[in-house]
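Peer 1: build the 3D model from these lines:
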Amino acid sequence: MFYADRAWLSHVVVYFLLYLSMADTNKDLEQIADFLYEMGILAKTPRSGFHFLGSGEQSVAEHINRVCYIGFCLAKMNGTVDSGKVVQMCLFHDVSESRISDLNYVHQKYTERLEDKAHQDLADSLPFGADMKMLIDEYEARESVESKLVKDADNLEFIISLKEQYDIGNERAKTWLEPALQRLKTEEGKRIGAVLVGIDSDRWWFGEKQDSWWVDRNK
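Peer 2: This next block holds a predicted model:
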């Protein structure tokens, strides 16, 4: 045990000396480390709309994850935009919810969202904050093609989530789908949205429901 403790202590000393030797860059590294820890809270922040829907659950991080995939697909469908930029914008589109939480349409009627302040405070706390803020500002302005695709990706992720809940029996989800579909603005978003609501959400793995695989796994 004594030797194990000495080995552990030696590792601590090495890391501490390394830390001291990087004094000029420690501030930047600490800010990045703080940011990475903060982003972890998104996995613990619930999307509050599901409380009103009555079924389903999702964290903000789970939402962002699928929005990134949707944004990439929409960018490829468009064929003229920078798909990398679209995905980056998707990645940061709800980043402020680590500080303001997720506020659904009911909450937003009665709550002041200091989203701009959250964005600015986040940007000010990072060495590359200006780059992040530029992406967020472009997204919020909703003028570029990329920003419109990202907003559609955001709405499409909600549409997918609603369809998943409808497919397992939540009839209320069907009434939520119509206004959600009307929020889509791009041709790419409208096209894929129509397909998403027209197929079963389990089609990707259970499309051939009469396949004998589901009975005997072809044995």
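
Peer 1: check contacts around the residue nearest the centre of the chain.
Peer 2: Nearest to the geometric centre of the chain sits I64, at 0.7 Å (CA atoms, centre = their mean). Going by CB atoms under 8 Å, 6 or more residues apart in numbering, I64 touches 42, 90-91, 93-94. C-betas here are computed from N, CA, C, even on glycine.

Peer 1: for it, phi and psi?
Peer 2: Dihedral angles of I64 (phi, psi; degrees, to the nearest 10) stand at phi -60, psi -40.

Peer 1: next one: it from K174, what distance?
Peer 2: Remark: distance between I64 and K174 (CB to CB, to the nearest Å) = 25 Å.

Peer 1: cool, and L91?
Peer 2: L91 sits 31 Å away from K174, going by CB to CB.

Peer 1: over to W213?
Peer 2: For W213 relative to K174 (CB to CB), the value is 31 Å.

Peer 1: just D102 next, same as before
Peer 2: Computed with CB to CB, the distance linking D102 and K174 is 23 Å.

Peer 1: neighbour count: those two, which is higher?
Peer 2: D102 (18 against 13; other CB atoms under 10 Å).

Peer 1: wait, what's in contact with the more buried one?
Peer 2: So D102 contacts 45-49, 60, 94 (CB under 8 Å, 6+ apart).

Peer 1: output the below-cut-off pLDDT ranges for the protein.
Peer 2: 1-24 (pLDDT under 70).

Peer 1: next SSE downstream of the lengthiest helix in the chain?
Peer 2: Determined from DSSP state H, the single longest helix within the chain is helix 145-167. Downstream of helix 145-167, the first helix or strand assigned by DSSP states H and E is helix 172-182.

Peer 1: list the buried residues of stretch 25-42.
Peer 2: For stretch 25-42, the neighbour count (16 or more other CB atoms under 10 Å) marks 31, 35, 42 as buried.

Peer 1: need the phi and psi values for the second one.
Peer 2: To tie it back to what came earlier, the one meant is F35. Dihedral angles phi and psi of F35 (degrees, to the nearest 10) take the values phi -60, psi -40.

Peer 1: not counting sequence-adjacent ones, nearest residue to it?
Peer 2: L126 (5.7 Å; CB to CB, 6 or more residues apart in numbering).

Peer 1: what about L53, distance to V106?
Peer 2: Taken as CB to CB, the span from L53 to V106 is 11 Å.

Peer 1: higher neighbour count, these two?
Peer 2: L53 (19 against 12).

Peer 1: give me the contacts around the strand or helix carrying V87.
Peer 2: Counting by DSSP H and E, the secondary-structure element that holds V87 is helix 83-92. With contacts defined as CB under 8 Å, 6+ apart, helix 83-92 is touched by 64, 67-68, 70-72, 74-76, 132, 135-136, 138-139, 146-147, 149-150, 153-154.

Peer 1: can you give me the helices in the chain?
Peer 2: Under DSSP H, the chain gives helices at 2-21, 23-39, 49-53, 60-78, 83-92, 97-100, 105-110, 115-124, 129-141, 145-167, 172-182, 187-198, 203-206, 213-216.

Peer 1: great, nothing more from me.
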